[in-house]
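Participant: sequence first, then the predicted structure, then my questions.
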Amino acid sequence: QVQLVESGGGLVRTGGSLRLSCTSSSGTLDPYAIGWFQQAPGKEREEVSCISSSTGSTYYTNSVKGRFTISRDNAKNTVYLQMNSLKPEDTAVYYCATKWECSWSTFGSWGQGTQVTVSS
């Protein structure tokens, strides 16, 4: 089980961009699919994107397709979420999580998350 650390959040205006990073302080991310999740105030946590470990195949929820790009750099032990054309409804705390496959459930503990705030 790896400990995940998210970073890269911040305050941006509508239409702006951010790049979130997910890394581990306690082991390699290579064997795992990694999902990015968002939790807006008063709402449940929901997955926005996932990248597999073996093929690098990706998944996006409809609301972020064409705006967000997930990628991984195994040499840097990091998974990124490039967020472009940000909207106020993207405002949330973003978390990454480990999976064995993108279609499977998450396992392990959650990190502290990184806050993304998009002003109108």
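Facilitator: Cool, got the structure.
Participant: how near is the residue positioned nearest the centre of the chain to Ser7?
Facilitator: Geometric centre of the chain, nearest residue: Trp36, 2.7 Å, by CA atoms, centre = their mean. According to CB to CB, to the nearest Å, Trp36 and Ser7 sit 13 Å apart. Every residue, glycine included, has its C-beta placed from N, CA and C.
Participant: over to Glu47?
Facilitator: Using CB to CB, one gets 19 Å for the distance from Glu47 to Ser7.
Participant: who does Thr114 form a beta bridge with?
Facilitator: Per DSSP bridges, the residues bridged to Thr114 are Tyr94.
Participant: joint contacts of Trp36 and Ser7?
Facilitator: Leu20 (CB atoms under 8 Å, 6 or more residues apart in numbering).
Participant: follow-up on the earlier one: what mean pLDDT does whichever strand or helix holds the residue nearest to the centre of the chain get?
Facilitator: Using DSSP states H and E, Trp36 maps to strand 33-39. The pLDDT scores in strand 33-39 average 97.
Participant: and it, what other elements does it pack with?
Facilitator: Applying 3 or more CB pairs under 8 Å, 6 or more residues apart in numbering; DSSP states H and E, we find strand 33-39 packed against strand 18-24, strand 46-51, strand 68-73, strand 78-83, strand 92-99.
Participant: one more time with 10 Å
Facilitator: With contacts defined as 3 or more CB pairs under 10 Å, 6 or more residues apart in numbering; DSSP states H and E, the packing partners of strand 33-39 are strand 4-7, strand 18-24, strand 46-51, strand 58-60, strand 68-73, strand 78-83, strand 92-99.
Participant: what's the closest of these to Tyr32?
Facilitator: Ranking the helices and strands packed on strand 33-39 by proximity to Tyr32 (CB to CB) places strand 92-99 first, at 4.3 Å.
Participant: please export the C-alpha coordinates of that closest one as PDB.
Facilitator: Written as PDB, here are the backbone C-alpha positions of strand 92-99 (Å, rounded to 0.1, in the frame of the first residue of the first chain):
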ATOM      1  CA  ALA A  92     -13.400  20.900  -5.600                       C
ATOM      2  CA  VAL A  93     -10.800  19.100  -3.600                       C
ATOM      3  CA  TYR A  94      -9.100  16.700  -5.900                       C
ATOM      4  CA  TYR A  95      -7.700  13.300  -4.700                       C
ATOM      5  CA  CYS A  96      -5.800  10.500  -6.400                       C
ATOM      6  CA  ALA A  97      -6.300   6.900  -5.500                       C
ATOM      7  CA  THR A  98      -4.900   3.500  -6.400                       C
ATOM      8  CA  LYS A  99      -6.700   0.800  -8.300                       C
END
